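# Need the 3D shape of this:
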Amino acid sequence: MGEHFIIDSTMQDFDLTISVLFRHGQRVHGRSRVISFDGEALRSVPFAEVAARTERLAAALASLGVERGDRVATLMWNSQEHLEAYFAVPGMGAILHTLNLRLAPGDLAQVMSEAGDKVVIAHGSLLPLLTAVSGAVATLETVLLVDDPGMPPPRAPEGEGSIQYVGYEDALAGAAGGAPPWPELDERTPAAICYTSGTTDFPRGVAYSHRSTFLHAMCVASGACFGNNDAERVLPLVPMFHVNAWGLPYAAWMLGSDLVMPHRWLLGGPACQLIKLARPTQACGVPTIWASLIEYADAHPDEVDFSSLRLITSGGSALPEPLMKAFRDRYGIQMAQGWGMTETSPVCTWARVGVPGEREGKPLSAGRIVPGVEMRAVAPDGTVAPWDGQTAGEIEVRGPWVTGRYIAADGRAAGNRFHDGWLRTGDLGTIDEDGSLVLADRLKDVIKSGGEWISSLRLENELLSHPAVLDVAVIGVPDDKWGERPMAFIVLRAQEQAGEAELAAHLEDRVPHFWVPSHWSYVSEIPKTTVGKIDKLALREWARQPG
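Residues are numbered from 1 along each chain as shown. Below you'll find the model as predicted:
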């Protein structure tokens, strides 16, 4: 018998950091382009030049006193300068904090204070919002102001005390001779902070590591998701403050895909004009964005050209079936849907249109679980539901880009959001034998009527299939007999009419009879959260108002 001995791995111990992604795009894909939109025309810059500016930004931040672990926030649109910060800040060992520019000022000041932001990189058009909150952020020392090319630089406010204001381009010019401070970092070092949108309570912070960001970018770039390469041109219409634009900027840079930066023009006519000019092959955004594009295209068919697009990805909330069919049937464009959360970086599942066992034939499918994520459905009694596509439970996830806790500088507890090392998502759904997730509803939004569950998500999807309905939201309202009954808020298309009886009849053959709403309200718009999701808290407040 030979002597038993242990063989250790012979692989190099190589940290997975954002600096590695950056250097690869810089050296291998230097001729790929970052294309910026100013509302009328395009500006195109090669990756190599963007990389040189990124290095100068890191040197400039170091000269301003930014050290390892310091938080550098961004209050920015989707722009080249924002992309430069995506790499410069974590690359130098600091932590990027992308601020949600749609938060209420009080919430914005609180998340900045909780994160301890030292520097803010802000676009001049957002200076009024920043100055409204900066005095309440004791840690803030410096603001780097970004202006639009060809426009006069924004004026720094007076009376800001110890906060210094520095022009972004001036800072880069002053650092032209500085060496890029790319330290060797442990891959578990924090790289970026994102806060949830705070739909149910105060926004909670999640700190992504270099490792989690690297692995998430690899997944997003893979054939399990976008399947990008250096022949693609990617348009992130999702705001770059929203979960790091779903990891797309990192994935595109890594693979050499051209990046189209829409700045503040994310909706309707301007976004359609950008697509016509820049000719992206892929675009990603929330359903609100895609609905605005279809609405504009229907009203101005001669002004749009979607022929360059091979894929549109929707996320943030469920993709309505009528919206998917509109892009497919009218323009021949595939739509895909991803599902995830701020807490999951965000991608956990991916649904590709027309692939057997996924979206086709499963209108509410959020897609298959992506490699690297583990998922289960947990029934109310705590048992793990089988993957049979029938047994529902709360969806729980774990994996290398799923958070294990929240940032809570004031000691706020995370409640019961974690269960034996799994993140409780708050979503109710089923998983089938192929690992395809079908979401029934948010646990807090599901309607229990007469002891039976009613899915507000399913009702919304079916009502949207009526040709007169532009937008819809369904909530549960108290009922003395049944406990709860559905209430539908309806936005009709211009010049269209559809009464309650007509919409109820539309539902009769599509959902169980007791699902048909008992209450209807016709409104001019549906309130949305800062990331484009239906704000059901606001709707419940509306429903409680007398009359």
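# make it CA atoms for all contacts and neighbour counts henceforth
Fine.
# who's in contact with residue 502?
The contact partners of residue 502, by CA atoms under 8 Å, 6 or more residues apart in numbering, come to none.
# Tell me how far it lies from residue 460.
15 Å (CA to CA, to the nearest Å).
# ok, residue 207 touching residue 196?
No: under the criterion of CA atoms under 8 Å, residue 207 is not in contact with residue 196, lying 11.3 Å apart.
# between those two, who's got more neighbours?
Taking other CA atoms under 10 Å, residue 207 and residue 196 do not tie; residue 207 has more neighbours (24 against 20).
# For residue 97, see how far away the closest residue to residue 309 other than its chain neighbours is.
Once flanking residues are discounted, residue 309 sits nearest to residue 281: 4.2 Å by CA to CA, 6 or more residues apart in numbering. Going from residue 281 to residue 97 by CA to CA gives 29 Å.
# ditto for residue 457
For residue 457, the distance to residue 97 - CA to CA - is 32 Å.
# okay, these two: which has more neighbours?
For residue 457 versus residue 97, the count of surrounding residues by other CA under 10 Å is larger for residue 97: 31 against 21.
# Provide a list of residues in contact with residue 392.
Taking CA under 8 Å, 6+ apart as the test, what residue 392 contacts is 377-379, 385, 428-431.
# My error: substitute residue 278 in the last question.
Applying CA under 8 Å, 6+ apart to residue 278 gives the contacts 35, 42, 260.
# least trustworthy helix or strand in this structure by mean pLDDT?
strand 452-454 (a mean of 76; mean pLDDT, DSSP states H and E).
# Would you mark the buried spots in it?
For strand 452-454, burial by neighbour count (16 or more other CA atoms under 10 Å) applies to residue 454.
# Sheet partners, orientation included, of it?
strand 447-449 (antiparallel) (DSSP bridges).
# Pull the distance from the partner strand to the chain's centre.
Strand 447-449 has its C-alpha centroid displaced from the chain centroid by 30 Å (CA atoms, centre = their mean, to the nearest Å).
# next one: stretch 462-480
Worked out by CA atoms, centre = their mean, stretch 462-480 lies 25 Å from the chain centre.
# what's the first-to-last distance across that stretch?
Separation of the first and last residues of stretch 462-480 by CA to CA is 27 Å.
# in it, what's buried?
With burial defined by 16+ other CA under 10 Å, the residues of stretch 462-480 counted as buried are 462-466, 468-478.
# Assumed residue 72 was part of a strand.
Yes: secondary structure of residue 72 (DSSP: H, G, I helix; E, B strand; the rest coil): part of a strand.
# Hmm, it is touching residue 92, no?
No: using CA under 8 Å, residue 72 is not in contact with residue 92, being 11.0 Å away.
# Okay, buried residues for the longest helix seen in the chain please.
As assigned by DSSP state H, the longest helix anywhere in the chain is helix 47-63. The neighbour-count check on helix 47-63 (16+ other CA under 10 Å) flags 47-48, 50-51, 53-62 as buried.
# do the same with stretch 377-394
Neighbour-count burial for stretch 377-394 [16+ other CA under 10 Å]: 377-379, 384-387, 389, 391-394.
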